[in-house]
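A.B. asks: from the sequence below, what's the structure:
(2 chains)
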Amino acid sequence: DAGVTQSPTHLIKTRGQQVTLRCSPKSGHDTVSWYQQALGQGPQFIFQYYEEEERQRGNFPDRFSGHQFPNYSSELNVNALLLGDSALYLCASTGTGDRETQYFGPGTRLLVL
Amino acid sequence: RKEVEQDPGPFNVPEGATVAFNCTYSNSASQSFFWYRQDCRKEPKLLMSVYSSGNEDGRFTAQLNRASQYISLLIRDSKLSDSATYLCVVGVYGGSQGNLIFGKGTKLSVKP
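C.D. replies: Have a look, this model is predicted:
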């Protein structure tokens, strides 16, 4: 039973660049949520995708956008990177039968210089 | 006021000690409650869900008081392997989908 996978594991970018992070949900899951975790903080909800549409969004600017594909995998895109975007980006998935429990992937660690 | 507030920590305790973590949440519409554990540089992993009746899983006991919007986690007979950051989490739902709101986490170090 494959868990949540994310790629890449680490990424270094410079200010102003754009980045795309990828997530494959746990087998049998259809909903993907993205979180940003800055150093020393708890994860913060960015947005959630279900049926290829953004269903909920946290308090993040439009520079953060996403997409969900028919196979339920998802991408997180961040444009015009700022130093403050440096963080661990976590993807979590849920599925029918238990909408409350979210399973997290290992994350992508992004450093913006 | 932060939506989910936890003890700032860190907690440094000897093996075998009993440790209690406290957490309060501000959104009275919160519908589900969890404790997650996060090891250094790893993803959060679900430790246990928290129910109004209280629930226990081995050495771990979680309590929820909806009236005072308070959640707790008790770890008995702590082990070295319990060293981690413990995240208090509430679930808020809109329609059939929900998202999680995390506290900042409390770091626990269990020493020999």
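A.B. asks: A:N77: what's it in contact with?
C.D. replies: Listed by Cβ atoms under 8 Å, 6 or more residues apart in numbering or on different chains, the contact set of A:N77 reads A:Q18, A:V19, A:T20, A:L21, A:F64, A:S65, A:G66, A:H67. All C-beta atoms are positioned from the backbone trio N, CA, C, and that covers glycine.
A.B. asks: not including adjacent chain positions, what is the nearest residue to the residue nearest the centre of chain A?
C.D. replies: Centroid check for chain A by Cα atoms, centre = their mean gives A:W34 as the closest residue, at 3.2 Å. In space, and not counting its chain neighbours, A:W34 is closest to A:I46: 4.3 Å by Cβ to Cβ, 6 or more residues apart in numbering or on different chains.
A.B. asks: ok, the one you found touching A:F64?
C.D. replies: Yes - between A:I46 and A:F64 there is a contact at 5.7 Å, judged by Cβ atoms under 8 Å.
A.B. asks: tell me the strands beside the worst-scoring helix or strand of chain A on mean pLDDT, with direction?
C.D. replies: Lowest on mean pLDDT, DSSP states H and E among the helices and strands of chain A sits strand A:98-104, with a mean of 84. The strands beside strand A:98-104 in its sheet (DSSP bridges) come out as strand A:87-95 (antiparallel).
A.B. asks: what sits up against the partner strand?
C.D. replies: So strand A:87-95 is in contact with A:4, A:6, A:21, A:23, A:25-26, A:28-39, A:43, A:72, A:74, A:76, A:100-105, A:107-110, B:43-44, B:100, going by Cβ under 8 Å, 6+ apart.
A.B. asks: got it, and stretch B:22-30?
C.D. replies: B:1-7, B:33, B:68-73, B:88, B:90-92, B:101, B:103.
A.B. asks: give me the buried subset of the contacts of strand A:87-95.
C.D. replies: By neighbour count, with 16 or more other Cβ atoms under 10 Å in any protein chain shown, the contacts of strand A:87-95 hold A:4, A:6, A:21, A:23, A:25-26, A:29, A:31-37, A:43, A:72, A:74, A:76, A:101-105, A:107-110, B:43-44, B:100 as buried.
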